[in-house]
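Q: Here's a sequence, model it:
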Amino acid sequence: MRTTAIITILALTVLFQAPLHRLGSDQWEKAKRRAAEKAYDAAAELLNLYARREASTRFQFSRPDDEYRRFAEQFAFEVTADQQRAIDEVIDDLCSERATDRLICGDVGFGKTEVAMRAAFLAIQSGKQVAVLVPTTLLAQQHQESFRDRFADWPVEIEAISRLRTEGEIAAVTAQLASGKVDVIIGTHKLLSMARSFKDLGLVIIDEEHRFGVRQKEQLRALRAEVDVLTLTATPIPRTLNMAMSGMRDLSIIATPPARRLSIKTFVMEKRRHVIQEAISRELMRGGQVFYVHNEVKTIDATAAELAEWLPEARIGVGHGQMPKRELEQVMNDFYHRQLNMLVCTTIIETGIDIPNANTMVIDRADRFGLAQLHQLRGRVGRSHRQAYAYLLTPHPKAMTQDAKKRLEAIEAAGELGVGFTLATHDLEIRGAGELLGEEQSGQIESVGFALYTELLDRAVAAIRSGKAPNLDAPLEPVSQEVNLHVGTRIPDSYLPDVHGRLILYKRIANAASSDELDNLQAEVIDRFGALPEPLRQLFQVTALKLRMQALGVLKLDLGGSGGRMEFSPQTRVDPLHVVQMVQGQPATYRLDGATQLRFTRELPTFESRMTFALDVLDRLTPEHELQEAAHA
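A: Prediction:
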């Protein structure tokens, strides 16, 4: 499972909090059990999907050669470190024996398409066909032009299908696809019904996956064990993000912006005429172009007429999806070639429009848009070195829902470059996660919190892999070992003055999963901050003791100046015969207290004497062969 790295990213971006439950009620226990059941079901299907991917003997793509390197060198821009890492990960996936299912998450304009093109080149070199699935006709056109430009020096046949093509043209393309004459096919939803038309499909690229419905993506999921799937998005929907976090999807993040790119200044404000006039006039005066997003077709012409009255200097065009296709094509072409300097449009421009001269966007009734939509729309401006502006116009605050206010606060706060992943985690928090598999979208993360759900899922997967059924009534038992040696175990303020730094270190110490990991952390702390003070040294030793107890199934250890007690879990690995022998051999020191507790009587005045005694007891309770293995290691 690849949850650890993702949790680290999330810790820096957003806190997932479960709802509060009334003390004394059983609401929390019920919510935890429901989440454990869902995690168990998800884990079972997750492992089934893994098994199919591992068992399938898929065709391995050829490793990059000189031809590929020549293709890569023709890229007109400098590849960022994140982009190169994503490319390398995709190539490793494609050249392995396991079917690829990778999510490439990167902000608009950060180079996701180049990653996809290099993957497509490898697929074509290996004799496979490539399908690029896009949500809109405009994006299909844009990709067709981009792919043809990028592959201009190579014998690659690229076609596109969308509503702008006639039935006859689509039939001709389908025939070429079936005969293998078409290498890359770019299309909208219609591609989903053409899965059997390919001669030898090897790679499916899904662009802007958040624009597709659950049923549409479920159609593709059936291919995932046999066909390589590469998904590109700036803001993954909660369902997809949830799958990536649980290890069901491989994830690559491109967070480094291109050189000279400026962040978009975003303003959320009530709709006012003077604000609109000032924002648009300022952009037109510097020779730029403006997008005005009005997402109601029935009133869009009236809105354009009103704006023409307010701004007589503007050359305004109107674009929406219900227009005749040739008319829409003409309007977009005029705007692209600067014959129009203002486009009043619906969300049809959300994807696929790359006009560097358009650097101001006004979004009417921004409270009606989703978080991913707002981020995608805002990404249509600011694609050059010029400062870009986005104005999100809203009605009076009382006319908006609480979720709408949260979305607008998130989009305004996340104004920096590369915030698509951050916004996606906000969306995950606001909307809930969605089921990992299947069509239910409510999810369980919102009921118990992200960290707990992830832990439940990891434990369920581990249990199933070992052939056991997880305990749904106590899915997290034991949560952790309790040790009390009646001494100070802490990080002194004088050693690490920063409160946030101390909290992070406490968490890292508590989360150490092995003695080697704990030793490495201790060496790192000494290297960074100097010799350990006594309370911190004792904290590391007590944590090492907890790891020994965890391995044996010992829940609690309380040891003071005159002795103490040890409590075993019901699933302890300690042989009861060893405990009986200890009691019979030294009755003055050891005695049983019930079925699960062992009491000690011994003078232990110092911390060192208590640690030595505790370790000696644990050694005596450890199976002989494990002690020999540890000594040999």
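Q: what's the domain layout of the chain?
A: 66-96+111-233, 265-415, 482-632 (automatic domain parsing).
Q: Nearest to residue 103 among the ones you listed would be which one?
A: domain 66-96+111-233 (4.8 Å; C-beta to C-beta). Quick note: C-beta positions are derived from backbone N, CA and C, even for glycine.
Q: Just the terminal-to-terminal distance for that closest one.
A: End-to-end distance for domain 66-96+111-233: 30 Å, by C-alpha to C-alpha, to the nearest Å.
Q: Please compute how far it lies from its chain's middle.
A: Computed by C-alpha atoms, centre = their mean, to the nearest Å, the separation of domain 66-96+111-233 from the middle of its chain amounts to 22 Å.
Q: Equivalent analysis for stretch 285-302, please.
A: On C-alpha atoms, centre = their mean, the centre of stretch 285-302 falls 33 Å from that of its chain.
Q: Can you name the residues in contact with that stretch?
A: Residues from elsewhere that reach stretch 285-302 (C-beta atoms under 8 Å, 6 or more residues apart in numbering): 280, 283-284, 303, 307, 314, 318, 320-322, 335, 338, 340-347, 349, 355, 357-365, 368-369, 377, 380-381, 386.
Q: Can you give me the buried ones in that stretch?
A: 288-295, 300 (16 or more other C-beta atoms under 10 Å).
Q: and the residues you listed, which of them are in strands?
A: 289-293 (DSSP state E).
Q: Give me the neighbour count for residue 605.
A: 10 (other C-beta atoms under 10 Å).
Q: per-residue confidence at it?
A: Per-residue confidence (pLDDT) for residue 605: 93.
Q: Name the spans of the stretch 1-150 of the chain whose pLDDT lies under the cut-off.
A: Within the stretch 1-150 of the chain, the ranges that satisfy pLDDT under 70 run 1-25, 28, 32, 35, 37-58.
Q: All the strands of it, in order from the start?
A: Using DSSP state E, counting those that start in this stretch, the strands found in the stretch 1-150 of the chain span residues 101-106, 129-133.
Q: out of those strands, which comes closest to residue 608?
A: That would be strand 101-106 among those, by C-beta to C-beta, at 50.5 Å.
Q: looking just at contacts, which helices and strands does that closest one meet?
A: helix 81-94, helix 112-125, strand 228-233, helix 238-245, strand 250-254, helix 420-431 (3 or more C-beta pairs under 8 Å, 6 or more residues apart in numbering; DSSP states H and E).
Q: repeat that with 10 Å
A: helix 81-94, helix 112-125, strand 201-207, strand 228-233, helix 238-245, strand 250-254, helix 420-431 (3 or more C-beta pairs under 10 Å, 6 or more residues apart in numbering; DSSP states H and E).
Q: Pull the contacting residues for the nearest residue to residue 304 once chain neighbours are set aside.
A: Closest residue to residue 304 apart from its sequence neighbours, by C-beta to C-beta, 6 or more residues apart in numbering: residue 344 at 4.3 Å. Neighbouring residues of residue 344 by C-beta atoms under 10 Å, 6 or more residues apart in numbering: 290-294, 300-301, 303-308, 314, 316-320, 362, 364.
Q: try 7 Å this time
A: 292, 294, 300, 303-304, 307, 316, 318 (C-beta atoms under 7 Å, 6 or more residues apart in numbering).
Q: Residue 384 too?
A: By C-beta under 7 Å, 6+ apart, residue 384 lies in contact with 356, 359.
Q: tell me the SS of it?
A: coil (DSSP: H, G, I helix; E, B strand; the rest coil).
Q: Check the spacing between it and residue 201 real quick.
A: 37 Å (C-beta to C-beta, to the nearest Å).
Q: Touching, residue 308 and residue 316? I think so.
A: Yes. Using C-beta atoms under 7 Å, residue 308 is in contact with residue 316, at 5.5 Å.
Q: between those two, who's got more neighbours?
A: residue 316 (18 against 14).
Q: Next, count neighbours for the residue nearest to that one when sequence neighbours are not counted.
A: Closest residue in space to residue 316, ignoring its immediate chain neighbours: residue 342 at 4.8 Å, by C-beta to C-beta, 6+ apart. Residue neighbour count, defined by other C-beta under 10 Å, stands at 27 for residue 342.
Q: just the one 3 residues further on next, same as before
A: Burial measure for residue 345: 26 neighbouring residues, criterion other C-beta under 10 Å.
Q: The one 3 residues further on now?
A: The criterion is other C-beta under 10 Å. On that basis, residue 348 has 22 neighbouring residues.
Q: which residues sit in contact with it?
A: Counted by C-beta under 7 Å, 6+ apart, residue 348 has contacts 136, 138, 319-321.
Q: can you redo the strands of the stretch 1-150 of the chain as JSON lines with distance to residue 396?
A: Formatted as JSON lines, these follow (distance: least, C-beta to C-beta, whole Å):
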{"stretch": "strand 101-106", "distance to residue 396": "35"}
{"stretch": "strand 129-133", "distance to residue 396": "40"}
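Q: Pick the most deeply packed of the ones you listed.
A: Comparing the strands of the stretch 1-150 of the chain by mean neighbour count (mean count of other C-beta atoms under 10 Å), strand 129-133 comes out on top with a mean of 26.
Q: Report the inter-axis angle for it versus helix 112-125.
A: Compare the direction of strand 129-133 with that of helix 112-125 by axes from the mean of the first three to the mean of the last three C-alpha atoms, to 10 degrees and you get 150 degrees.
Q: Counting by contacts, list what strand 129-133 packs against.
A: The contact analysis (3 or more C-beta pairs under 7 Å, 6 or more residues apart in numbering; DSSP states H and E) places strand 129-133 against helix 112-125, strand 184-187, strand 201-207.
Q: Now do it and strand 201-207, the angle between them.
A: Using the same axes, to 10 degrees: strand 129-133 against strand 201-207 is 20 degrees.
Q: Direction included, what does strand 129-133 pair against?
A: strand 184-187 (parallel), strand 201-207 (parallel) (DSSP bridges).
Q: Report the buried residues of the last one.
A: Meaning strand 201-207. 201-207.
Q: want to try a markdown table for those residues, with distance to residue 598 and pLDDT as columns?
A: Output for the buried residues of strand 201-207, formatted as a markdown table (distance: C-beta to C-beta, whole Å; pLDDT from 0 to 100):
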| residue | distance to residue 598 | pLDDT |
| --- | --- | --- |
| 201 | 64 | 88 |
| 202 | 62 | 89 |
| 203 | 61 | 91 |
| 204 | 60 | 90 |
| 205 | 61 | 92 |
| 206 | 58 | 88 |
| 207 | 62 | 86 |
